[in-house]
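Novice: pasting the structure only:
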Ligand code: ADP
Ligand code: MG
């Protein structure tokens, strides 16, 4: 890692204490086959900040999120949330998966998809009551989708589907939001709506960690960047971690000069 903050005596210490961090991983290695997708990654995500996870295709960004959520099992390493084991804090995390990874043909109305976000409150056999529907509708209106509650999810545009999935995550009332490329393939209006909601969450002191593909918007949208290419390359405030030298290391020849310019 290039960027741990050095204190005045030159001693290197993490930017944020692990015990305060909504998400910290240590020595995380995940492998689907012989070659690790994520190798020996240490990461400490800052509370109340918006952090972009950036790196080239296949860099292990999605895998890092999935391991952080316990969706894939790491070969080795440790995940803690607020200094505690992941499984004790799982209820404080909400996840918006990459849109392309979701089967959009399943028959469900928009309202019901958002109600799924309330499953902890509802329980498996819980009855949906008026107040649950109210919460779901309030979340839909935060993403500008209240007029679509009765539509089938599969009939919506990509951007509309993404907003509904964000509404479901909002219904969970989490403290840490993990999103995988929330702006991929969405229209401009949706991108603005989503970034507005994420910034609101930050205002409320929640933590947002998003895999982000579009390097040109990183400085506008995010406070911090975590740069990965299988190994962790850098983490820190955008002005320090999202700089040409580090991006060059992550992307190598794959990074267009224009993008480096935009980043720097
Ligand atoms: P990113 O999100 O940065 O594009 P991923 O985490 O999706 O990267 O993938 C990292 C590596 O792991 C890639 O080489 C990818 O092909 C591989 N990979 C991801 N998911 C699987 C899977 N379910 N089975 C096998 N290999 C996978
Ligand atoms: Mg991915």
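Specialist: Nice, I can see it. These numbers were taken from a predicted model, which means no experiment stands behind them. Numbering: from 1, shown residues only. Ligands and ions are numbered 1, 2, ... in the order given.
Novice: in the chain, what residue comes closest to ligand 2?
Specialist: Nearest residue of the chain to ligand 2: residue 62, at 3.2 Å (C-beta to the ion). Glycine gets a C-beta too; all of them are placed from N, C-alpha and C.
Novice: if we ignore the residues flanking it in sequence, what's nearest that residue?
Specialist: Excluding its sequence neighbours, the residue lying closest to residue 62 (C-beta to C-beta, 6 or more residues apart in numbering) is residue 180, at 5.5 Å.
Novice: who does the one you found bridge with?
Specialist: residue 211 (DSSP bridges).
Novice: which pLDDT does the model give it?
Specialist: On pLDDT, residue 180 comes in at 97.
Novice: coming back round to it: tally of neighbours for the residue of the chain closest to ligand 2?
Specialist: 20 (other C-beta atoms under 10 Å).
Novice: where does it fall, secondary structure wise?
Specialist: helix 61-68 (DSSP states H and E).
Novice: hmm, that helix touching ligand 1?
Specialist: Yes. Shown here: helix 61-68 in contact with ligand 1 (C-beta under 6 Å from any ligand atom) through 61-63.
Novice: and stretch 99-112, by the same measure?
Specialist: No. Using C-beta under 6 Å from any ligand atom, stretch 99-112 never reaches ligand 1; the gap is at least 9.2 Å.
Novice: also stretch 181-192?
Specialist: No. Applying C-beta under 6 Å from any ligand atom, one finds stretch 181-192 separated from ligand 1 by no less than 8.0 Å.
Novice: now that stretch: buried residues?
Specialist: Under the neighbour-count criterion of 16 or more other C-beta atoms under 10 Å, stretch 181-192 has 181-184, 186, 190-191 buried.
Novice: now the end-to-end length of it.
Specialist: End-to-end span of stretch 181-192 (C-alpha to C-alpha, to the nearest Å): 14 Å.
Novice: check whether it contacts ligand 2.
Specialist: No. Stretch 181-192 is not in contact with ligand 2 by C-beta under 5 Å from the ion; minimum separation 6.3 Å.
Novice: show me what that stretch is in contact with.
Specialist: Outside of stretch 181-192, the residues within contact range by C-beta atoms under 8 Å, 6 or more residues apart in numbering are 96, 98-100, 157-160, 162-163, 166, 194-195, 198, 210-214, 217.
Novice: please pick the buried ones from these.
Specialist: 96, 98-99, 159-160, 162-163, 166, 194-195, 198, 210-214.
Novice: low-confidence stretches in the stretch 151-264 of the chain?
Specialist: The model of the stretch 151-264 of the chain has pLDDT under 70 over residues 254-264.
Novice: where exactly do the helices run in it?
Specialist: Using DSSP state H, counting those that start in this stretch, the helices of the stretch 151-264 of the chain run over residues 158-171, 188-203, 218-221, 238-241, 244-251, 257-263.
Novice: other SSEs contacting the fourth one?
Specialist: Okay, so that is helix 238-241. strand 224-229, strand 231-237 (3 or more C-beta pairs under 8 Å, 6 or more residues apart in numbering; DSSP states H and E).
Novice: one more time with 10 Å
Specialist: Counting contacts by 3 or more C-beta pairs under 10 Å, 6 or more residues apart in numbering; DSSP states H and E, helix 238-241 is packed against strand 50-54, helix 218-221, strand 224-229, strand 231-237.
Novice: export the ones you listed to CSV and tack on distance to ligand 2 and mean neighbour count?
Specialist: Listed next are the helices and strands packed on helix 238-241 as CSV, based on distance: least, C-beta to the ion, whole Å; neighbours: other C-beta atoms under 10 Å:
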stretch, distance to ligand 2, mean neighbour count
strand 50-54, 9, 26
helix 218-221, 16, 16
strand 224-229, 11, 25
strand 231-237, 16, 22
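Novice: nearest to ligand 1 among the ones you listed would be which one?
Specialist: Comparing these by their distance to ligand 1 (C-beta to the nearest ligand atom), the top pick is strand 224-229, with 7.4 Å.
Novice: and the closest one, how far out from the chain middle?
Specialist: 12 Å (C-alpha atoms, centre = their mean, to the nearest Å).
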